[in-house]
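A.B. asks: Pasting the sequence and the predicted coordinates here, then a few questions.
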Amino acid sequence: MPTHEVIKNKNGTTSLRELKSGEVMHSSVGPREEATLLYIEQSRLKARLLEKGAGELVLWDVGLGAATNALAAMQCRLEQAGLEARPLRILSFENDISGLRLALEHSRDFPFFEGLTSAAAGLLGAKSWQSPGGEILWQLFEGDFHAHAPNCAAPELIFFDFYSPKTVPELWNIATFELLHRACSSRQAKRLGTTLYTYSASTRVRVALLLAGFYVGYGRNTGAKNDTTVAATRLEDLEKPLDARWLERLERSHEPFPHDWNGGGRTEVNTLVRRHKQFG
Ligand SMILES: C[S@@+](CC[C@H](N)C(=O)[O-])C[C@H]1O[C@@H](n2cnc3c(N)ncnc32)[C@H](O)[C@@H]1O
């Protein structure tokens, strides 16, 4: 039984649709463009990789899907060859690898596989792949994200790219973001930060991130979406933190409540958010 189908966007790019939920994995700008704008450029991945003496860069690829974001990060690292760049370790989380299998079968329709089909095939086969030069280690954590996250190396970057909150609300709620925040705690203890990038700009997702302990900011326009979200464990890592303008929007929002909120009504949620250190 097929689980996904290959689809064409209006601009000629190709993506995957999951048949059960009807969700398309990438925005209408196409997988490669979305990966570049939202995740690779916005996280300043290249500059981070060239930081001196910073050691291995651990990236969590949350929702491997067709591996667009992971492969874009790998391309970015491979382009720094010979520049004493940091080793890159990518941890990809996925509970249904049939999407990547299908994308690989159609790799000619997905240009981001160029030069890296053996890496993706290696990941599917052995659950881990290392580049010949040893600069990239790519690991697959198969199964539910919640089960693996507590046992994994703390991330410096998180590309948070699950299906939409409408389809999988349990992956965008306070409990999931608390789990993520805890996973970053060993870095925080060393006063190192973690930054998370995601396409959702929904109020209830931003409230869930705040209530889980993250600082939250506006993300860049990606062509398909005017507004996206960046969250961080340190305020100084946000370029544009949510501000008084957003608090006003929160008060007018029809849906301010995170999906697992059980703390009362509008007044309670507004009060809790306003008490967050970010707005103090
Ligand atoms: C939007 S797609 C990811 C697209 C991907 N980042 C890319 O670059 O192509 C979301 C992925 O998350 C996976 N997923 C859904 N629920 C999950 C869970 N509980 N744990 C791990 N992966 C999950 C889905 O199977 C799907 O492949």
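C.D. replies: Right, received. Where do you want to start?

A.B. asks: For the stretch 51-200 of the chain, which residues are neighbours of the ligand?
C.D. replies: Taking Cβ under 6 Å from any ligand atom as the contact definition, the stretch 51-200 of the chain meets the ligand at 63-69, 93-96, 99, 144-145, 161-163, 168, 171. C-betas here are computed from N, CA, C, even on glycine.

A.B. asks: The helix or strand bottoming out on mean pLDDT in the chain: how far from the chain's middle?
C.D. replies: Sorting the helices and strands of the chain by mean pLDDT, DSSP states H and E puts helix 185-189 at the bottom, at a mean of 88. Helix 185-189 sits 19 Å away from the centroid of its parent chain (Cα atoms, centre = their mean, to the nearest Å).

A.B. asks: what's the next secondary structure element after that helix?
C.D. replies: Using DSSP states H and E, the helix or strand that directly follows helix 185-189 along the chain is strand 195-198.

A.B. asks: mind listing what that following strand pairs with, with the direction of each?
C.D. replies: Strand 195-198 has the following strand partners under DSSP bridges: strand 157-160 (parallel), strand 228-232 (antiparallel).

A.B. asks: what mean pLDDT does whichever helix or strand comes after it have?
C.D. replies: As assigned by DSSP H and E, the chain's next helix or strand after strand 195-198 is helix 203-211. The average pLDDT for helix 203-211 rounds to 98.

A.B. asks: likewise stretch 248-260?
C.D. replies: With pLDDT averaged residue by residue, stretch 248-260 scores 94.

A.B. asks: and what of stretch 128-136?
C.D. replies: 96.

A.B. asks: roughly how far out does it sit from the chain middle?
C.D. replies: Distance of stretch 128-136 from the chain centroid (Cα atoms, centre = their mean) equals 22 Å.

A.B. asks: What about Arg48, how many residues nearby?
C.D. replies: Counted by other Cβ atoms under 10 Å, the residues lying close to Arg48 total 18.

A.B. asks: Is it in a helix, a strand, or coil?
C.D. replies: Classification of Arg48 by DSSP: H, G, I helix; E, B strand; the rest coil places it in helix.

A.B. asks: How about the residue in the chain positioned nearest to the ligand, nearest residue that isn't a chain neighbour?
C.D. replies: Closest contact between the chain and the ligand, by Cβ to the nearest ligand atom, is at Gly65 (2.4 Å). Counting by Cβ to Cβ, 6 or more residues apart in numbering, Gly65 lies nearest to Met25, which is 4.8 Å off, once chain neighbours are set aside.

A.B. asks: got it, and Ser43?
C.D. replies: Leu157 is the one closest to Ser43 (Cβ to Cβ, 6+ apart), at 5.3 Å.

A.B. asks: same thing with His26?
C.D. replies: Ser15 (4.5 Å).

A.B. asks: per-residue pLDDT, that neighbour?
C.D. replies: Per-residue confidence (pLDDT) for Ser15: 93.
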